[in-house]
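1. Structure for the following, please:
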Amino acid sequence: MSVIALLQDWYKFNCNGDWEHQYGVKINTVANPGWSVLIDLADTALEDFTYFFESVKSDDDWVHIKTENNVFIAGGDPTKLEIIAASFLYDFLRPKLKESTFTYEMYAPIVSLNIWRPVNARMIDVGEFQIVEIPKSEWRTLKAFHLDDFQKVDKEMCLKGEIEYQVGDVVRGELVTFYDYPSLVIVDKR
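-> Predicted coordinates for the structure are as follows:
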C-alpha cells in the first residue's frame, strides 16, 4: 500500500463525527519552494508523543520534522512530500502505536441482528485494532444503519445479543456512516 493510501486510512480511522471537525491533515506548498505538512495528533493514538528528525544537505535538499503541541509539523524541499508521509507512518506512527494506550470506540455486529454495539479497541496498525474491552450493552449506545432497524427488533434481545468477538481479538476496521454520523466498525478478524 502506498504511503498516501496509508495516510488517507490513518485520517479516515480517526474521523468519528467530531475529530474531523476540529482536527485533520493539512498539506500545503511553501515559497522556499517546498512542502508544509501539519497532522493533528490530539484525540488520536499519537496524542502526547514526541518526534524529531532533521536533514539539511543543501538549500535544495532538506527536511525538518517535529511534534509540538500535539501536531506533527514537517517541511521539506519539493521532493520530500513522500519522505515526510513515510516518516510519519513508519518512523513515528508504527513505533508509537506499540506504546499507546489510547482506545477507539468501534462497533461490532450483534449476531443475527442488523444492530451494532460498541467495543473499545487499541489501534495496532493502520486499519488494525485489538479489542481491549467490551462494555456492557446499553440501548442508547447501540447503532443501526437506519432508524427503522430498531423497530424490527426486541430491545431486550439487542441488549443481550452476542457478538462474535472477544477481548484480545485483532480485527480490521472500516469507517461507515450509520444513520447519524461516521463510526468505526469491525469488518473481520485478522
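
2. Contact partners for residue 22?
-> residue 40 (CB atoms under 8 Å, 6 or more residues apart in numbering). C-betas here are computed from N, CA, C, even on glycine.

3. now residue 144
-> 114-116, 150, 178-179.

4. roughly how far apart are it and residue 151?
-> 10 Å (CB to CB, to the nearest Å).

5. Please apply the same query to residue 26.
-> With CB to CB as the criterion, residue 26 and residue 151 are 43 Å apart.

6. Pick out whichever of the two has more residues nearby.
-> Neighbour count, other CB atoms under 10 Å: between residue 26 and residue 151, residue 26 has more, with 11 against 8.

7. partner strands of the host helix or strand of that one, parallel or antiparallel?
-> Using DSSP states H and E, residue 26 maps to strand 25-30. Here strand 25-30 is paired, per DSSP bridges, with strand 34-40 (antiparallel).

8. and the helix or strand following the strand it pairs with, what other elements does it pack with?
-> Per DSSP H and E, the first helix or strand lying C-terminal to strand 34-40 is strand 52-58. The contact analysis (3 or more CB pairs under 8 Å, 6 or more residues apart in numbering; DSSP states H and E) places strand 52-58 against strand 61-68.

9. contact partners of the strand it packs on?
-> 34, 41, 49-56, 72-77, 79-80, 83-84, 87-88, 92.

10. make it 10 Å
-> 32, 34-35, 37, 39, 41, 46, 48-57, 72-77, 79-81, 83-84, 87-88, 91-92, 96 (CB atoms under 10 Å, 6 or more residues apart in numbering).

11. Next one: the nearest residue to residue 103 once chain neighbours are set aside from residue 9, what distance?
-> Spatial nearest neighbour of residue 103, chain neighbours left out: residue 120 (4.3 Å); criterion: CB to CB, 6 or more residues apart in numbering. Separation of residue 120 from residue 9 (CB to CB): 20 Å.

12. Settle it for me: which of the two has more neighbours?
-> Neighbour count, other CB under 10 Å: between residue 120 and residue 9, residue 9 has more, with 18 against 15.

13. just the strands in this structure please.
-> 25-30, 34-40, 52-58, 61-68, 71-76, 104-109, 116-125, 128-133, 170-177, 182-189 (DSSP state E).
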